[in-house]
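the amino acid sequence is not available; the structure is as follows:
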């Protein structure tokens, strides 16, 4: 009998983590436009004055993945 082991990997995120819109989009496997909609609805609250300078926290990643 053969036992197969699975290895899981991941990254621990904290409130110090910051993602650009593109990075958050890739991490969530969604289009950036969908995330912009979440910002417009007030679900996500990035720092930065315009879309090119937006930064999202690890909590935003969690919120976007569960929305």
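Perfect, I can see it now. Note that the structure is predicted; figures quoted are calculated from it, not measured.

show me what counts as buried in stretch 30-40.
35, 36, 38, 39 (16 or more other CB atoms under 10 Å). For every residue, glycine as well, the C-beta is placed using N, CA and C.

distance between it and the chain's centre?
11 Å (CA atoms, centre = their mean, to the nearest Å).

can you check stretch 1-13 too?
On CA atoms, centre = their mean, the centre of stretch 1-13 falls 23 Å from that of its chain.

ok, and what's touching that stretch?
Contacts to stretch 1-13, defined as CB atoms under 8 Å, 6 or more residues apart in numbering, come from residues 58, 61.

show me which positions of that stretch end up buried.
In stretch 1-13, counting by 16+ other CB under 10 Å, buried: residue 13.

for the remainder of this discussion, apply numbering that starts at 19.
I'll keep to 19 as the first residue from here, and by that count the last item is stretch 19-31.

pull up the distance across it, start to finish.
38 Å (CA to CA, to the nearest Å).

for the record, mean pLDDT for that stretch?
Regarding stretch 19-31, the rounded mean pLDDT is 80.

give me the mean pLDDT for stretch 48-56.
Mean pLDDT, stretch 48-56: 97.

leaving out the residues flanking it, which one is nearest to the residue nearest the centre of the chain?
Nearest to the mean C-alpha position of the chain, counting by CA atoms, centre = their mean, stands residue 79 at 2.9 Å. Ranked by CB to CB, 6 or more residues apart in numbering and with sequence neighbours excluded, the top spatial neighbour of residue 79 is residue 45, at 5.7 Å.

I'm done for today, thanks for sticking with me.
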